[in-house]
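Undergrad: got a structure for you, letters missing:
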């Protein structure tokens, strides 16, 4: 995978996504174009049903667009096979979900190791990097705990550590504070800001203006159409 | 993802659902252990029969005269003439009659065999006391008898019978020898027997002629040639009436016996194999439930970079581990069951390496065959759909 620094990190052009539901075609994204450069902190804000989750799934290579093009570090990912997409998710993207999406039967450490296992990393190196990622999010003393034994804020920090462990260029957060109380939500956002300050690109999806304001750039999505800036559409 | 990692994951998830995993394994455990026990019994029977047939000697020919019209037997002279065939070591004519043998107030009904001196070597008897039937006894139609060990014990207790007189169907015979104990085979006891000269037997039982002849070749290589020559002679004697006599060798008997027991093993193994199949269906069932239950887990794994192949391998390894573990436990249970059967019922149970490898291999194969469908179903899930699953 050749990385071309002259290309923006993310370039999305005229992407549409259609679902067929009960015989009717539902257009969740309608000609969305977006460019995100290295080191940006972008919030994509929109009400529920606006298509922001669909956009996030496409940006995260969890789903493919119906039409349009998507380049990630200069690679046109909308044309790739499933196994190459899995590789891109593994190396380029760190997910932070609203409901954490940790595996409840694995310890925090094992959860963080998961992406590295699929990268085929040796266990010693894997462990070292997972421990480092957990220390970074302040959970160095909770490594042997399983998710049900941790608070919501701690679980989300494990998820962030998992996203960080593979050292991907993009962190993709889908309502990362949605399941947390205001105080822990603010802590998680502060952690994300710290990570951005270290040079990591962060894309956040939210319906909460207060959360979106923590980002450097705000993009609004309404009815599958994207508008730059936080002004009223 | 590496294979060792997959195995670790599989073991973890098996251990997370101990009861369910055990119940799933149970089908395979029962299947494999019943294959091991039942085929073990079959092979035990087969090796026992084979051993007994071999004990008779593989270089042995048996000529049976079935009779045709007025010539239903061979004369004694014709019978011993088979000894002239090149390569024949012993030829023993053999007439057997059931008779009452009496000593004092004791009596016993036993097979009284009329034969010649060769019979002793041919059957591999030993002498405990006295001597065997000799040619001179036949020539003079001596009323002498040699007793088998069991028969002697019944008539005389532990006293030495040599020199005593017994009555066979009312005729007095002098006991000249006592055979050493030899045991029994599928064809009856070697020790419940009284042997008298053939010529004496013809007279005592009023039956002229010889109905069976045992021929022993000096070596197995000569057996076919001897059989051919014997058949040629018999054809001449009976003027080509092939139904009047039958010549068969121990090899034929061995083949018949082992084909019977092989069929038995196959039938038993087949029945047990069906239960293995049912066990495999149980694995498939549980794996399908497990895939549905763990849809979200599959979604998470795919989101962090698991490929189709990784998920496929994970679930396949899980299915194979369950069936292989079941196979190993079944093997242990099968050995225990085989030991219990052989010690309780006093029959031979023989476990062959082939059978063990086959049962284990088959259980792994079942894991693959019945695991591939659920594993493929898991692998094909789209990451978005799997993550959305509640």
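TA: On my side now, so go ahead. Model, not experiment: these values are computed from the prediction.

Undergrad: Does residue B:178 touch residue B:151 like I think?
TA: No - with contact defined as CB atoms under 8 Å, residue B:178 and residue B:151 do not form a contacting pair (9.5 Å). C-beta coordinates here come from the backbone N, C-alpha and C atoms, glycine included.

Undergrad: who has more neighbours, the two?
TA: When residue B:178 and residue B:151 are compared on other CB atoms under 10 Å in any protein chain shown, the one with more neighbours turns out to be residue B:151, at 25 against 22.

Undergrad: which residues does that one contact?
TA: Shown in contact with residue B:151 (CB atoms under 8 Å, 6 or more residues apart in numbering or on different chains): B:101, B:108, B:110, B:191, B:192, B:193, B:194.

Undergrad: so which strand or helix has it?
TA: helix B:149-156 (DSSP states H and E).

Undergrad: Can you give me the neighbour number for residue 36?
TA: This is for chain A. If we define neighbours as other CB under 10 Å, then residue A:36 has 21 of them.

Undergrad: wrong chain, I was asking about chain B
TA: Other residues within reach of residue B:36, judged by other CB under 10 Å, total 28.

Undergrad: was I right about it contacting residue B:336?
TA: No - using CB under 8 Å, residue B:36 is not in contact with residue B:336; the gap is 9.7 Å.

Undergrad: Residue B:177 contacts residue B:130, correct?
TA: Yes - look at residue B:177 against residue B:130 with CB under 8 Å: they come within range, at 3.5 Å.

Undergrad: Looking at these two, which is more packed in?
TA: residue B:177 (22 against 17).

Undergrad: May I have the strands that pair with the helix or strand containing that one, each with its orientation?
TA: Taking DSSP H and E as the criterion, the element that holds residue B:177 is strand B:171-179. Partner strands for strand B:171-179, per DSSP bridges, with pairing direction: strand B:127-130 (antiparallel), strand B:144-147 (parallel), strand B:165-168 (antiparallel).

Undergrad: Might you report the residue contacts of the nearest residue to residue A:64 once chain neighbours are set aside?
TA: Closest residue to residue A:64 in three dimensions, ignoring its sequence neighbours and counting by CB to CB, 6 or more residues apart in numbering or on different chains: residue A:78, at 5.9 Å. Under the criterion of CB under 8 Å, 6+ apart, the neighbours of residue A:78 are A:15, A:64, A:65, A:68, A:69, A:70.

Undergrad: neighbours around residue A:221, how many?
TA: 22.

Undergrad: so which of the strands paired with strand B:171-179 is the most packed in?
TA: Highest mean neighbour count among these (mean count of other CB atoms under 10 Å in any protein chain shown): strand B:144-147, with a mean of 27.

Undergrad: Looking at it now, give me its mean pLDDT.
TA: For strand B:144-147, mean pLDDT is 93.

Undergrad: can you list contacts of that strand?
TA: In this structure, residues lying in contact with strand B:144-147 by CB under 8 Å, 6+ apart are B:130-133, B:137, B:155, B:161, B:166, B:168, B:173-179, B:193-197, B:200.

Undergrad: Can you tell me which of those residues are classed as buried?
TA: For the contacts of strand B:144-147, a burial check counting by 16 or more other CB atoms under 10 Å in any protein chain shown picks out B:130, B:132-133, B:137, B:155, B:161, B:166, B:168, B:173, B:175-179, B:193-197, B:200.

Undergrad: State the helix or strand in which residue 32 lies.
TA: In the absence of a named chain, chain A is used. Under the criterion of DSSP H and E, residue A:32 resides in strand A:24-36.

Undergrad: I was thinking of chain B, sorry if that wasn't clear
TA: Assigned by DSSP H and E, residue B:32 falls in helix B:18-55.

Undergrad: From what I see, residue A:157 and residue A:189 are in contact.
TA: No - when contacts are counted by CB under 8 Å, residue A:157 is not listed as touching residue A:189 (12.0 Å).

Undergrad: more neighbours, these two?
TA: residue A:157 (25 against 21).

Undergrad: Chain B versus the more buried one, what's the distance?
TA: Between residue A:157 and chain B the distance is 16 Å, computed by CB to the nearest CB, to the nearest Å.

Undergrad: Can you report phi and psi for residue A:198?
TA: Geometry field for residue A:198 lists phi and psi as phi -80, psi 0, criterion degrees, to the nearest 10.

Undergrad: can you give me the helices in the chain?
TA: No chain in the question, so chain A it is. Taking DSSP state H to define them, one finds helices in chain A at A:52-59, A:82-92, A:108-118, A:123-136, A:152-165, A:182-197, A:209-212.

Undergrad: look at chain B instead
TA: Counting by DSSP H, residue ranges of the helices within chain B are B:3-16, B:18-55, B:76-80, B:118-123, B:135-139, B:149-156, B:198-204, B:223-237, B:250-293, B:295-303, B:308-345, B:353-380, B:383-388.

Undergrad: So which elements touch the longest strand anywhere in chain B?
TA: Across chain B, the strand with the greatest residue count (assigned by DSSP state E) is strand B:88-103. With contacts defined as 3 or more CB pairs under 8 Å, 6 or more residues apart in numbering or on different chains; DSSP states H and E, strand B:88-103 has these neighbours: helix B:76-80, strand B:106-115, helix B:118-123, helix B:149-156, strand B:165-168, helix B:198-204, strand B:212-217.

Undergrad: Any regions of chain A where pLDDT drops low?
TA: For chain A, the stretches with pLDDT under 70 are A:1-5, A:230-233.

Undergrad: Grab the most central residue of it for me.
TA: residue A:172 (1.4 Å; CA atoms, centre = their mean).

Undergrad: repeat for chain B
TA: With distances taken as CA atoms, centre = their mean, chain B has residue B:46 as the residue nearest its mean C-alpha position (1.0 Å).

Undergrad: so that one sits right up against residue B:264, yeah?
TA: Yes - contact criterion CB under 8 Å: residue B:46 and residue B:264 qualify, at 7.5 Å.

Undergrad: returning to what we had before: columns distance to residue A:114 on top of the strands paired with strand B:171-179, output as a markdown table?
TA: Converted to a markdown table, these look like this (distance: least, CB to CB, whole Å):
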| stretch | distance to residue A:114 |
| --- | --- |
| strand B:127-130 | 81 |
| strand B:144-147 | 85 |
| strand B:165-168 | 91 |
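
Undergrad: For residue B:95, find the nearest of those strands.
TA: Residue B:95 lies closest, by CB to CB, to one member of these: strand B:165-168, at 13.4 Å.

Undergrad: Identify the residues contacting that closest one?
TA: Contacts to strand B:165-168, defined as CB under 8 Å, 6+ apart, come from residues B:99-103, B:112, B:145, B:147, B:155, B:172-175, B:194, B:196, B:204.

Undergrad: and the gap between residue B:19 and chain A?
TA: Taking CB to the nearest CB as the measure, residue B:19 falls 16 Å from chain A.

Undergrad: Low-confidence ranges, the stretch 51-200 of chain B, go.
TA: Using pLDDT under 70, the stretch 51-200 of chain B drops low at B:56-57, B:68-72, B:184-188.

Undergrad: so what's the residue nearest to the centre of chain B closest to, chain neighbours aside?
TA: Here the nearest residue to residue B:46 in space, its sequence neighbours aside, is residue B:261; by CB to CB, 6+ apart that works out to 3.2 Å.

Undergrad: May I ask you to confirm that the one you found is in contact with residue B:39?
TA: No - using CB under 8 Å, residue B:261 makes no contact with residue B:39, being 10.9 Å away.
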